[in-house]
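**Q** need a structure here:
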Amino acid sequence: MSRYFEEPNCKDCNLVFSTVFKKLTVDQLDYLTKNKVCSQIKKGKTLYKEGSRITGVYCINDGILKVYKTGCEGKEQIVKFAKRGDIIGYRSVINGEPACTSVKAIEDSAVCYINTQELYGLLKENSELGIELLQIACAELDEANNYLTDIAQKSVRERLAEILLKLQDDFGTDKEGIINITLTREELANIIGTATESVIRLLSEFRTEGLVDLQGRKIKILNIQKLKKISNVFK
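**A** Numbers count the residues shown, from 1 in each chain. Below is the predicted model:
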C-alpha cells in the first residue's frame, strides 16, 4: 500500500452515512479522522492474507476488493466483494484471531485503516457502533447460510443466474447498462463454486438465449425476468 492522497475528513466524507460509523458524534468523527491512515492499494495487490495477524479494520473509501478463502490446491472461494463504504477485518480483530480470509484489490482502490485500540475506544464510547457491527455480522451470516443452501439445492446454471443478478443489484450499471464490476471467468467460477469451463459454457448459453450481452469481461443483463426465473429468485 502507499499513501497517495490527503486523508479525507470523516465528517465531510460522503460515505459516512452509509458506513458502520454513521452513528458516531461529530467529536468522534474528528477523533477518527486524526487517528486513521488512508492508503492506496493497486489492482491485483493483496491487502492482507488468510492466517495473518491484522491489527485493525479497513473502511473502503474507493474501489472494489475481493474477499476470499483459499481451498485445496490454492483454489479461491470468493466470499464477497468489498466496495465503497464497507468495513472489513472486524471479525478477526474483535475475536483476536488470525485473518479468516484474504483480501485483494480487483481495481485500484483506497482504504482507511483504523487500528484495534482506536476501534475499541469508539466501541466503548458509542454503543450504537457496536449495534451496527452486529447487524453487519448478522447480514453476512445470513448470506453465508443462503450460499450453503444454494450450493446444496441449486444447479450451477441457477447459481450463475443468481450471482449475475446480485452483482447488478450490488454495483449497478453504467449508462450502457453494463454491470459496474469487471470479473474474470475464473473469478465468477470462484464465486459460485464451479469450474471455469462451466462458467464459460453457461455464459455462452445465456448469450445465445438472449439473456446477457458479453463484451470481453463486461456483462450486460438483457432479460432480468428470465434470469430471475432461472435462478428461482423472485424478490
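
**Q** going forward, measure contacts and count neighbours with C-alpha atoms only.
**A** OK.

**Q** the longest helix in this protein is where?
**A** helix 127-153 (DSSP state H).

**Q** so what's the gap between the helix or strand of the chain with the lowest mean pLDDT and the chain middle?
**A** Least confident helix or strand of the chain, by mean pLDDT, DSSP states H and E, is helix 127-153 with a mean of 86. Centroid separation for helix 127-153 versus its chain: 13 Å, with C-alpha atoms, centre = their mean, to the nearest Å.

**Q** returning to what we had before: next, the buried residues of the longest helix of the chain.
**A** Of all the residues in helix 127-153, those buried under the rule 16 or more other C-alpha atoms under 10 Å are 128-130, 132-133, 147, 150.

**Q** which residue ranges form the strands in the chain?
**A** Applying DSSP state E to the chain gives strands spanning 37-41, 46-48, 56-62, 65-70, 76-82, 87-88, 102-105, 109-115, 212-215, 218-221.

**Q** could you give the angle of the fifth one to strand 65-70?
**A** Spelled out, that is strand 76-82. With axes from the mean of the first three to the mean of the last three C-alpha atoms, to 10 degrees defining the directions, strand 76-82 sits at 150 degrees from strand 65-70.

**Q** report the buried residues of strand 76-82.
**A** Residues of strand 76-82 classed as buried by neighbour count (16+ other C-alpha under 10 Å): 76-79, 81-82.

**Q** re earlier: so which of the strands of the chain is nearest Thr25?
**A** Thr25 lies closest to strand 109-115 among the strands of the chain, at 16.7 Å (C-alpha to C-alpha).

**Q** now the angle from the closest one to strand 37-41?
**A** Using the same axes, to 10 degrees: strand 109-115 against strand 37-41 is 140 degrees.

**Q** where does pLDDT dip in the protein?
**A** Residues of the chain that meet the criterion pLDDT under 70 lie in 1-8, 11-18, 233-235.

**Q** residues near the nearest residue to Thr194 once chain neighbours are set aside, how many?
**A** Spatial nearest neighbour of Thr194, excluding adjacent residues (C-alpha to C-alpha, 6 or more residues apart in numbering): Val156 at 7.1 Å. Val156: 20 surrounding residues under other C-alpha atoms under 10 Å.

**Q** cool, and the one 4 residues further on?
**A** In terms of burial, Leu160 registers 26 neighbours under the definition other C-alpha under 10 Å.

**Q** ok, it - contacts?
**A** 192, 199, 231 (C-alpha atoms under 8 Å, 6 or more residues apart in numbering).

**Q** of those residues, closest to Glu186?
**A** Val199 (8.0 Å).

**Q** who are the contact partners of that closest one?
**A** Neighbour list for Val199: 160, 185-186, 188-189 [criterion: C-alpha under 8 Å, 6+ apart].

**Q** most neighbours, which of these?
**A** Among the contacts of Val199, Leu160 has the most neighbours (other C-alpha under 10 Å), with 26 neighbours.

**Q** distance of that residue relative to Lys49?
**A** Here Leu160 is placed at a distance of 27 Å from Lys49 (C-alpha to C-alpha, to the nearest Å).
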